Each structure stands twice: as structure tokens, then as C-alpha cells.
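*Asks:* quick one: sequence and predicted model below, then my questions.
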Amino acid sequence: MRTKDQFLSAAMLTLVASTGVALADEEATEGECAPQCPEAPAAQAEPMPAPEPMAQPTYEPAPAMPETPDQWADKYGVEVALGGGVSGFTNNVAQNFTDTGGDWNVHVGIGNTRVLGFEGSYIGSAQGINALGLDSSAILVGNGVQGLVRVNLMSDYTIRPFGFAGAAWRHYNLTNTDVNTSDIDDSDDVLEVPLGAGVAATYSGFLFDLRGEYRVAAAGDSLIPNLTVNEDNDAAGLDRWGFNANIGYQF
């Protein structure tokens, strides 16, 4: 029994001694490594990169499209019209030889929906003429061309008053007569300055206008002799008055 107890005691001492040696070796190992193995620095979080600024979208203006003929005509108010009316001379001597007659025209206008517009026209007239030495059926016919500058009031409205001024050339000639033994010339060329005013209206593209005019004969005037005694005027003036109406289409 004593031998068994002694054996256990010896075993316990041996176990304790070996455990102590192991712990001592471990402490010595840690103590030797400590100065030679520095602590690893603590990991630092990398800074997040700043977000790149968003690129601002760029917008390039669309290339200007050329105006189509319809857009151009609508923008500038292109019109074509024809018309007619009555007219005559204002000079008393010329009135004694001629009757009040008719006139007609065909014109093309541009800019008539704006303040300033232009017209180009063919003009015509016909009136009876009576003189000793002429057939009773003789007719004085005039044909010419003219250009007008037109000022449109209230150009944005459907009904537009307007005024105009310009220049015209008219060629007069006697027709419907075989023999001319009178003092009236067979023909004459006259430069005229038309001045006038009117009112125009449009509806669904169609246009109507009424106008009155006075035409100053600036050159010519040799057609009809002046029978009055006046050394400064050897022919009757060929100034004209007129009223006419026109109908057409505005593109």
C-alpha cells in the first residue's frame, strides 16, 4: 500500500515539474521574440476616392433648316391679284375730249403682311375720245407697267388699311380709227407717279382690296392739245384719278 502511494506521489511530482518547465520555456520564447518582432501596425482604412464630377450634358443647336417656298411666302406675304375699276383725266381740257373709262391691272406683291411691301403691276386703261377728225368710235387705250412701295397699317390683322406711292410708265395710242386728221396725237408715252390709299382683307388665303389713286403725269403730256391761251402749257395735262377693286390669293 505504501509502495502504491509513493508511486502516485512521484508521478504527480513529475507531472507538475514537466508542466512548469513547459510554461517556463513558453515564457522565455515570448520574451525573446518580443524585441525582435515588432507589432504589426494596425491596418488603416484606405480613404474613399472623391466622386468625379458629373459631366454636364452639352446641347448643340439643331442646324437651321432652309425655308420652304410655302414658309417663305407665308412669312413675307406673297400675293397675286387682278382687278379693275374706273378712271379718267383730271384736266378740264382732257376731260372735254375724253370720257370716263375703265382700267385693269394684274399685280404681284411681296411683304404685304408686313409694314412695308412692294408691288409690281401691269396696268391698262381704255376710254372713248372725241375730236374733230376722229371716228366717233375712236378709243384711247393705255398700257404700261408700274412699281409701288406699299405701307401696311395693322399688318398683323385680317383687315389692313394701306397707303402706296411709286412710279409707272404708260403708253397711249388711238385705236378703232382709220384716219386721224385731228390735233390729237396718235400716241404718247407718259411717266406717272401714282399716289393712293386703300384697304385689304384676307379670308382663307383669298384677298380683296379696294383702292383710290391719283396719278401725276410727270413727263409726256403731248397727247391732247391745250385749247386755252397759256404760253406755259402747250398741251393738256394727263393726270388721272381712279378707283378699282382687286381680288387674288395670298400664299
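*Replies:* Cool, got the structure.
*Asks:* what pairs with Phe243 across the strands?
*Replies:* Val86, Gly212 (DSSP bridges).
*Asks:* verify the contact between it and Gly212 for me.
*Replies:* Yes. Counting by CB atoms under 8 Å, Phe243 does reach Gly212; the two are 5.0 Å apart. Backbone N, C-alpha and C define where each C-beta goes, glycine included.
*Asks:* Glu124 - that's part of a strand, no?
*Replies:* In this structure residue 124 is Gly, not Glu. Yes. The assignment for Gly124 is a strand, going by DSSP: H, G, I helix; E, B strand; the rest coil.
*Asks:* three-state assignment of the residue most central in space within the chain?
*Replies:* Ranked by distance to the mean C-alpha position of the chain (CA atoms, centre = their mean), the top residue is Lys75 at 3.9 Å. Assigned by three-state DSSP, the conformation of Lys75 is helix.
*Asks:* then Ala55?
*Replies:* Three-state secondary structure (criterion: three-state DSSP) places Ala55 in coil.
*Asks:* neighbours around it, how many?
*Replies:* By the criterion of other CB atoms under 10 Å, Ala55 has 6 neighbours.
*Asks:* neighbours of the nearest residue to Asn112 once chain neighbours are set aside, how many?
*Replies:* Residue nearest to Asn112 in three dimensions, not counting chain neighbours: Gly77, with 4.3 Å by CB to CB, 6 or more residues apart in numbering. By other CB under 10 Å, 20 other residues sit near Gly77.
*Asks:* now the one 3 residues further on
*Replies:* For Val80, the number of neighbouring residues by other CB under 10 Å comes to 13.
*Asks:* wait, it sits on Ile247?
*Replies:* No. Counting by CB under 8 Å, Val80 stays clear of Ile247, with 10.4 Å between them.
*Asks:* Val145 versus Glu52, what's the distance?
*Replies:* Distance, Glu52 to Val145, using CB to CB, to the nearest Å: 72 Å.
*Asks:* with Ile129 instead?
*Replies:* 23 Å.
*Asks:* for the two, indicate the residue with more neighbours.
*Replies:* Ile129 (27 against 13).
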